[in-house]
Structures are given as structure tokens and as C-alpha cells.
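Peer 1: Just the structure for this:
(2 chains)
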Amino acid sequence: MSTALKNTQLPLLDVERIRRDFPILARTVHHGKPLIYLDNAATTQKPARVIETLAAYYRNNNSNVHRGVHALSEEATAAYEGARETVRAFINAASSKEIIFTRGTTEAINLVAQSHARSTLKPGDEVLITYLEHHSNIVPWQLVCEQTGASLKVAAMTERGEVDQADFAGKLSDRTRIVALGHVSNALGTINPARQMIAQAHAAGAVTVVDGAQAVPHMAVDVQALDADFYAFSGHKMFAPTGIGVLYGKQALLDAMPPWQGGGDMIRMVSFDQTLYNDLPYKFEAGTPNIAGPIGLAAAIGYLQDIGLEAIAAYEQELLAYASQALAALPDIRIIGAATHKAAVISFVMNGIHPHDLGTIVDSEGVAIRTGHHCAMPVMDFFQVPATARASLAFYNTREEINRLVAALDKARQVFS
Amino acid sequence: MDLKDLYKDIIVDHNRSPRNFRKLEPATRSANGFNPLCGDKLTVYLQLDGETIADLSFEGSGCAISVASASLMTERLKGKTLAEAKTLYASMHALLTGNTPAETDTQSLGKLAALEGVKEYPSRVKCATLCWHTLEAALRNDTAAVTTE
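Peer 2: This next block holds a predicted model:
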């Protein structure tokens, strides 16, 4: 009994130990100010395990994959394909053939738009997205609608910064071919009820595409439980290197899709008359891939699993609650987005101080936040702000760092007083 | 870098109370400027009397640097000739981007020299130059929106 009670009071994570895993968190900026990195929705920092895995690959195993018969090529291929299996298990895909490596979420969504959507959409068809989307889940659909004569529909957003579910249901119809939605909004942190929206989309006969860039770093994602047809995410937002992302797609859909890019690796046999395409997943990986990227991604996944996605989510929720309370207590701060379910993102504006000025001033105190439209201009227009300041947290952030942000906001107040 | 080099009192003041912040009607010329990176938008209006800027104004939204720069610009150019405005545009562009020749007398820029601090903040230079690019478009009578990108 007393042990159980004691356990509930223990920290969810050993944050100090975790912070030591991230070399960059030890550095200072602007003449000795400790770095307070609160821009994790833009990109995350990398643990030593990832950095060392990349270095070790280049030191010891670097080679092209799927080609050579020599020792290095076999090692590199084993590591590259091993990473694919790690990713498969991480998101619980049914088969590693359903894991396509891309440059990132943006490329993954464009792949679906230009291969699946472009080959199936017809005039009169509809693509339904939501008001909360990142530009990378808007523009690829605008492009393919222009190319095919399909039209783009947008489910409305509520004042809380959530998808208006009645409007979403109302805009689903037998003309809806594709529903593309963000799992978690990068600008507001809103967690969409993806499972329910996917089920509704399927009931209307639509294929679903989920932008999971902001979800995967913060919560356990099971693509089969979600029943997503496509699910895209980026390595660099989950403590892995830049330039590596993942497109998950159900095998039947991927099999039916035409190749997107042509080149080496995606072919089985080439002659000037005819080319036979390779099987999945290679059909969608033309050219020498980013080999180190998936290997680094697999290291990041291993690191996250060692800490535990559930512990991470619980810790970040606790930190989000602390930060939200701390900011909400400031009379001149307005938090933008009040969704019931939020990831650790706080978008806010300060009376009389433009977000860009705020960004520069808190940076001078060592606090890195993002300011701007967060690639979600429609969201900014909705809330009638030109931009917001955004603090986005990771499991290596602490309450003390939130206090430092609050102190830096006070500095901004002084500059403009 | 001291923050006070960027946010000098005069800049804070012009941000809080921007001068000539209104739509000019009728305006001989106007031009729109937009910074897609941060969402700053402004319109510069000119009322010409022959070759002279009889009146000018601006409106829009932006950060303190962008608003103060525009405010100081309108204050400075009222009553000046188009040729003087073009010369000042060139001097300000050089000042803000850190390309000022050594012999340049920044004293002659008067209050506008307060904006010089932005050159130490590369991500903020475009905030200060937006209104000047927009002015230059208005001087050329170019109606296409100016963007910083």
C-alpha cells in the first residue's frame, strides 16, 4: 500500500537523466544563457544514441543498398531493411511492405496525392480536408484537384480550435473520395478524434490519409487500430535525423497505385520497350535512398521505446497542464486553441507585442520558441491573428524551463513598457 | 547583441503611436507589401503634387520593427521630392542590410538611423525593409504586391 502510494508520487520520467542523453541541451546561447528549447513541433533535438548510430554507420558500414554482393553492402542493406521492420513494429503495420521511406511527411502526402489520388480522382469527385491542416496537407490536394478536376472541401473549425464534427459529417458524401486529416494540429496542438473520423470517412466510401507528423512523437500510434489507409510522419520531429520520413499505406492500395518517381531500385526489368516495376515497398523508392536516415530513425524509435511512449505522453500532458496554467495566469496572454484533447503545444499571443518581437526578445534570454503562422495561415485567419508565438514541448523539457519562458515574457513586457 | 540596440526608445514609441497610420483618400499612388514568412502586411499611400510628396501614410499590421520603420519613413518623406525619396530608399536599404559604405554619414539619416540595429538580427531585417520596398513600388507606380521573398 505505502509502496503504491509512493510510486504515484515519483516523477514519471527521470528528466535529468534524459536531458543528459541530448548533448545539445547542455549548450548555451547569447553569451552563456542556458538553451531552453521549446520549438519541438518544428524539429526535435537528437539523443546521443541517434547521433552515434549515424556516425557509426558512416564509419563502419557505409555502402549502397540492394545492389552489391560485398560485405558492406550486405551490412548496409540489413541495417536499412532492419529499420523498416522497426518502423513497422513501432506503428503496428501488418507488413514491412507497407512502409515506404520518404524525405518526410510532406513528401509522403505528395506521394499519395500524385500517385493514388491523381490516378483515381475524376471531375466531380471531392477531397475533404479540415480547417486545421498544415499547408503540407492542403497544397498537395489543391494541386491534384487542379490536375483532375476534383474539388477540395474543408471541414470547419470551432472556436476551441477543434474540427467541427457536424460540419465534417455534413461534408462527407458519396462524392468524397479522399479524406485527409492531421492527427495532431501543429499550430494549436489539437488532437483530432482520428479513429472516429476515419470510420466515418470509410462509411462514406472514402480513402483516408492521416498527417501524423505531430502525433507520432507524443503518443503510441497503431495504424491498424486507427484503420488509416495512409499514415505519414517525419523522423526529425521524433528525435531522428532530418530528411527521413515514412509513408504507411495499406498493401492493397499501394499495390494498385502507379509508381510516383522512376529510377533505379523501383524496377525489376528495364528495356526501351517496357519496364517491369519492383514489388512493394521498392516500387516507391526510386534511386539510392537516404540510407543513414532510416537507421537513425530506428535508433530514435528504440530510444523512445526504452523510455516508453505512455510515460512520455503522461509526462508531456503534466507539463502541458503546468505550462498552460502558468501562461493563462498572465493577464496579457491569450492562449489560442482550447481543444479538450491537446498535445504539448501552446500557441499564444501577448497584448500589444507582436509575436515576432516576442520571439526575438525571449530568444535573447535563451528561450527558443517559434513565432509566425506555423504553416497554417487559415488557422491564423480564423482567430484573426497575423501570427502566434508557440511553445511546443518535449519530454526533455522541465517546469523550470516553463518558468524561464514566463520570466522571458516579463522581459518582453519591460522592453515595450 | 544588446536588445536595446534593436528596440531603441524611438522604435518602441513609433510602434506604440505610429505616425501617419491611416488610409489616404484620395491617394495618387499606393502599393501593398507582404512578408509571407511572418504575415506582415502593409499598404503605403502617396499623395503627389507634381514631383513632390505632399502627403503619405500607411496602414497594416506587423511587428514593432516593421511598424516603426514605416512610421519613421512617412514622417521623414512628407514634403520631399520623388528624387529625394528614391535616394533615401537606397540609403536605407544599404543601412538595414549592412551594406553601408564606410564613408556614409548615417547622421544625415536622423531618426531613421535608429533602425540600424536590425542588421545584427538577420531574421528581422526584412521586417524593417518591407515598408521601404513597398514605398519603392509606389514610386515606380507598380501595383503588383511586393513580397519580401
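Peer 1: In terms of helices and strands, where is the residue in the stretch 151-300 of chain A positioned nearest to chain B?
Peer 2: Among the residues of the stretch 151-300 of chain A, residue A:187 lies closest to chain B, at 12.5 Å counting by C-beta to the nearest C-beta. All C-beta atoms are positioned from the backbone trio N, CA, C, and that covers glycine. For residue A:187, there is no host helix or strand (DSSP states H and E).
Peer 1: Now do the same contact list for it.
Peer 2: Residues near residue A:187 by C-beta atoms under 8 Å, 6 or more residues apart in numbering or on different chains: A:132, A:134, A:337, A:345, A:347, A:373-376, A:379-380, A:388, A:390.
Peer 1: Tell me where the model's unsure across chain B.
Peer 2: Along chain B, segments meeting pLDDT under 70 span B:1, B:101-105.
Peer 1: residues from it in reach of chain A?
Peer 2: Residues of chain B found near chain A (C-beta under 8 Å from any C-beta of the partner chain) are B:1, B:3, B:6-7, B:12, B:15-16, B:37-41, B:61-65, B:121, B:123-124, B:127.
Peer 1: Most proximal residue of the stretch 1-150 of chain A with respect to chain B?
Peer 2: residue A:30 (7.2 Å).
Peer 1: in stretch A:392-405, what's buried?
Peer 2: Within stretch A:392-405, the residues scored as buried using 16 or more other C-beta atoms under 10 Å in any protein chain shown are A:392-398, A:401-402, A:404-405.
Peer 1: residue ranges with poor pLDDT in the stretch 1-150 of chain A?
Peer 2: A:1-11.
Peer 1: what does it put close to chain B?
Peer 2: residue A:30.
Peer 1: just the strands in the stretch 1-150 of chain A please.
Peer 2: Remark: strands assigned in the stretch 1-150 of chain A by DSSP state E, counting those that start in this stretch are A:28-29, A:33-34, A:36-37, A:99-102, A:126-130.
Peer 1: Just checking: what are the partner strands of the first one?
Peer 2: With DSSP bridges as the criterion, the sheet partners recorded for strand A:28-29 are strand A:33-34 (antiparallel).
Peer 1: do the longest one as well
Peer 2: The sheet places strand A:126-130 alongside strand A:151-155 (parallel), strand A:176-182 (parallel), with pairing taken from DSSP bridges.
Peer 1: With distance to residue B:90 as extra columns, can I get the ones you listed in TSV?
Peer 2: Shown next, in TSV, are the strands paired with strand A:126-130 (distance: least, C-beta to C-beta, whole Å):
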stretch	distance to residue B:90
strand A:151-155	44
strand A:176-182	45
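Peer 1: So which of these is the most surrounded?
Peer 2: strand A:176-182 (a mean of 25; mean count of other C-beta atoms under 10 Å in any protein chain shown).
Peer 1: Surely residue A:53 and residue A:295 touch.
Peer 2: Yes. Between residue A:53 and residue A:295 there is a contact under C-beta atoms under 8 Å: 6.1 Å.
Peer 1: The residue nearest to residue B:145 when sequence neighbours are not counted: which element?
Peer 2: Of all residues not flanking residue B:145 in the chain, residue B:32 sits nearest, at 4.3 Å (C-beta to C-beta, 6 or more residues apart in numbering or on different chains). Residue B:32 belongs to strand B:29-35 when assigned by DSSP H and E.
Peer 1: Contacts for that strand, please.
Peer 2: Strand B:29-35 has contacts (C-beta under 8 Å, 6+ apart) with B:24, B:40-46, B:48, B:60, B:62, B:66, B:126-127, B:130-131, B:133-135, B:137-139, B:141-143, B:145-149.
Peer 1: mind redoing it with 6 Å?
Peer 2: B:41-46, B:126, B:130, B:134, B:137-138, B:141, B:145-148 (C-beta atoms under 6 Å, 6 or more residues apart in numbering or on different chains).
Peer 1: Direction included, what does it pair up with?
Peer 2: strand B:40-49 (antiparallel), strand B:146-147 (parallel).
Peer 1: Reformat the ones you listed as JSON lines; add distance to residue A:218 and mean neighbour count.
Peer 2: Listed next are the strands paired with strand B:29-35 as JSON lines, based on distance: least, C-beta to C-beta, whole Å; neighbours: other C-beta atoms under 10 Å in any protein chain shown:
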{"stretch": "strand B:40-49", "distance to residue A:218": "31", "mean neighbour count": "21"}
{"stretch": "strand B:146-147", "distance to residue A:218": "35", "mean neighbour count": "18"}
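Peer 1: all helices of chain B, in order?
Peer 2: Here chain B has its helices, by DSSP state H, at B:3-6, B:9-16, B:64-77, B:82-96, B:125-139.
Peer 1: Kindly apply the preceding question to the stretch 201-350 of chain A instead.
Peer 2: Residue ranges of the helices in the stretch 201-350 of chain A, as given by DSSP state H, counting those that start in this stretch, are A:223-226, A:251-256, A:292-307, A:309-328.
Peer 1: I'd like to know how many residues surround residue A:94.
Peer 2: Residue A:94: 12 surrounding residues under other C-beta atoms under 10 Å in any protein chain shown.
Peer 1: Give the full set of residues in contact with it.
Peer 2: Contacts of residue A:94 (C-beta under 6 Å, 6+ apart): none.
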